[in-house]
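Colleague: Need a 3D model of the sequence below.
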Amino acid sequence: MPFAGTGKAAMDVLKEYVFEEVRRSDFKAAPSRQRCLFAFPPQVLREDEAVATLESMALVRSPTVQAFWKKGVWKVLMELELAGGAVHIGDSKLLDCSHLTVEQIETEAGKYWRGEGNTDELLYEGPFRVTRMVKSFEPQVLAPR
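Modeller: Below is the predicted model of the structure:
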């Protein structure tokens, strides 16, 4: 079935759908991108780079964070100690696929879930302990488009 949406937002929805379907089908033990905590493995960014990255993000994609702040998005950079949940480390560059066909997105999703490429994005579902608060950012109210 052809995809009826157009534009970046529609392609982002399609990409996340395809990545989730590939995960459900072939990588069931991996955490879902739809419900996980997104993090950086410690070797990826220095603290100042992580703060700069977080400051430039429009949204923190954790549904839990967004649920607590309905009028804006609270961003917090912290160090965590993971306590035995599901972990996936993947290459975020494989998510840059808005110019690809659905079949090509499926191929990129397979590479992502197999852990091919860089190891710059960590997905985690499970219990954790906050070991240090690095920086907190005020909620941002997003203007309607």
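Colleague: Let me know the average pLDDT across stretch 35-42.
Modeller: Across stretch 35-42, pLDDT averages out at 76.
Colleague: Please list all residues in contact with the residue nearest to Thr119 when sequence neighbours are not counted.
Modeller: The shortest distance from Thr119 to any non-neighbouring residue, by Cβ to Cβ, 6 or more residues apart in numbering, is to Ile89 (4.7 Å). Glycine gets a C-beta too; all of them are placed from N, C-alpha and C. Ile89 is in contact with Pro41, Gly115, Thr119, Glu121, Leu122, Leu123, counting by Cβ atoms under 8 Å, 6 or more residues apart in numbering.
Colleague: Quick check: beta-bridge partners of Ile89?
Modeller: Counting by DSSP bridges, Ile89 forms beta bridges with Leu122.
Colleague: and Arg132, what helix or strand is that in?
Modeller: In this assignment (DSSP states H and E), Arg132 forms part of strand 128-140.
Colleague: does Gly84 sit in a helix, a strand or a coil?
Modeller: coil (DSSP: H, G, I helix; E, B strand; the rest coil).
Colleague: Having no further points to raise, I will conclude here.
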